[in-house]
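Student: what shape does this take:
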Amino acid sequence: MSIQSVMTRVILTILLCSILLCSCSGGGEEESSEQSQADSSLSAEEAQSANAPADTSLPAAEETGLRLAILQPASLLPWQVTQEDTADMLMLVYSPLVNLADNGTLTPCLAQSWLWSSDLSELTVTLRQDVTFHDGQALTASDVVYTIQQLKATENIYSQQVSAISSAQVLDTYTVLLRFTQPGRQNEECLVFPIAAAGYEEALVPMGTGPYAYQSLETRRELHLTRYDGYFGQAPAFNEVTVYFVSNGETISQCLEATRTNLMRMEESSWGTYVNARNVTLHRFNSYEALYLEFHTAGGFSSVLSNRQKVAYALDAVRIMRDAYWGEGQITETLFRPGSWYQPEASKQYGYDVKKASDMAVSGQAQVRLLYDAQDSIQSAAAETIQRQLEEAGLSVTLTTSGEYDIALRRQTITLAQAAQYAGGMAQLSSAASDQEVMDAVQQMATQMLEELPVYTLFFLNKAVITGYGLQGELSPGEWNAFCGIETLYQEEGGLS
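Tutor: Take a look at the predicted model:
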């Protein structure tokens, strides 16, 4: 390596460490007045620690354990959390009723079993009897009911999930009855949320039943968790977890790149950075987030089925996914999530065929208004590719970020219930009791979705959790529990590589 290259790398390292002195340790001149007032009430020892220079050297893994960074949270109570990275971290402290496997099937966690009523409007959940909170208190049905009530009472990151639950009732010490606003097994996907102890209200001291328990919060910038010896599941290999509170998402990535942290849920914009990176492992999972087209069928260009079909044939979803999302996704034409146990196996009905699309006559004017969110980098990149492909098929496309549209480019989380609503098949799904009946209902809805084309799906996004710099083990991340399987992580012999 040349001297010039060495000097360049040294300069870059110094610059990065300078950033981390402020970000990962909480120092810096851009502290808010609110935070300064909070620090004025700290003890002399805490104040001295807050003002001390950050130690940017990486301690031995045996001393620091797992390390991650999240955006500064306002609260660590589940029903007051609105940030995805805070919700991810809290699943180290809390446990959900169930976990969802990558194919969407339920796996036990706090719930050891569950039974649907004959009309699928109620679910009886039986809890494990060997679970205690970190204060030694036994988990009971009252804790589950309290948590659901709190989650439903405020707007938070779990609001969409618990909205399907109309009520929760204690049947006995370890049995809960859940009633749903709409009957059906699609409600199984809404049961992954953290369970807290009844009456618990400490905003900055999380207390659950998970593998790690609260130990300390240093100057409100560095949360320390310690292994909970009373955990009902597999004991984690690491004794400690350190969580740094930082000011922006860019700093989260910088902390990982500087080996200040070794665990991170990957930002959607980071595939290009980490997909071929050394010393890190990407634990991919199929997300519930889809990129799709919604047609305005009430009038204009998209009111004609053949026009919508022309659009479907004109689009190369593989190219769109590569341009917009580094090719990291699952191609599908319907809103039923690929890889799910209920998704029907079917060949593409349309597929990319620009000649066929070009040959199809347009009913009415060939001018199309494509609505997209310019603040969304994925939508922005996809919209440009879609515009080119539709114009190759003979359409005139105007991109717009507001107002009336013929086609809207959407990106959002799509559960089985939401897909069924788009397909107009909720009534049939709500009465499907067995696995086969659910699959038959989904097959029928998928066929109808492709025949009528109210929407046309491009792909579901892949997501990933990153472990790095000596960590071994296989996580089982999912949309609502990114660090599921944290107990399997361990330090490879020899430490950091």
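Student: quick check on the closest residue to L217 other than its chain neighbours: phi, psi?
Tutor: For L217, ignoring the flanking residues on the chain, the nearest one in space by CB to CB, 6 or more residues apart in numbering is L223 at 5.3 Å. Where you see a C-beta, it was placed from the backbone N, CA and C, and this is true even at glycine. Dihedral angles of L223 (phi, psi; degrees, to the nearest 10) stand at phi -90, psi 130.
Student: may I have the longest strand along the chain exported as CSV, CA atoms only?
Tutor: When the chain is parsed with DSSP state E, its longest strand is strand 280-295. Taking Å, rounded to 0.1, in the frame of the first residue of the first chain, the C-alpha atoms of strand 280-295 are listed here in CSV:
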residue,chain,number,x,y,z
VAL,A,280,-20.1,-7.9,8.9
THR,A,281,-22.9,-10.4,8.4
LEU,A,282,-26.3,-9.5,6.9
HIS,A,283,-29.2,-11.4,8.4
ARG,A,284,-31.8,-10.8,5.7
PHE,A,285,-35.5,-11.2,6.2
ASN,A,286,-38.6,-10.8,4.0
SER,A,287,-40.4,-7.6,5.1
TYR,A,288,-44.0,-6.8,5.0
GLU,A,289,-43.3,-3.6,3.1
ALA,A,290,-44.3,-3.4,-0.5
LEU,A,291,-43.7,-1.1,-3.4
TYR,A,292,-46.8,-1.1,-5.7
LEU,A,293,-49.0,0.9,-8.1
GLU,A,294,-52.5,1.9,-7.1
PHE,A,295,-54.7,2.8,-10.0
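Student: could you identify the helix or strand that succeeds that strand?
Tutor: Downstream of strand 280-295, the next assigned helix or strand under DSSP states H and E is helix 305-314.
Student: return the set of buried residues in that following helix.
Tutor: Buried positions in helix 305-314, judged by neighbour count with 16 or more other CB atoms under 10 Å: N307, R308, Q309, K310, V311, A312, Y313, A314.
Student: quick one on the thing from earlier: how much space separates the residue nearest to L217 from L204?
Tutor: In this view, L223 and L204 are 9 Å apart by CB to CB, to the nearest Å.
Student: name the residue in these two with the higher neighbour count.
Tutor: Remark: of L223 and L204, L223 carries more neighbours, 24 against 13, as counted by other CB atoms under 10 Å.
Student: ok, A482 - contacts?
Tutor: For A482, the contact set (CB atoms under 8 Å, 6 or more residues apart in numbering) comprises D88, M91, R265, V465.
Student: mind putting the residues you listed in JSON lines, neighbour count and distance to D376 included?
Tutor: Shown next, in JSON lines, are the contacts of A482 (neighbours: other CB atoms under 10 Å; distance: CB to CB, whole Å):
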{"residue": "D88", "neighbour count": "21", "distance to D376": "21"}
{"residue": "M91", "neighbour count": "25", "distance to D376": "26"}
{"residue": "R265", "neighbour count": "20", "distance to D376": "18"}
{"residue": "V465", "neighbour count": "24", "distance to D376": "22"}
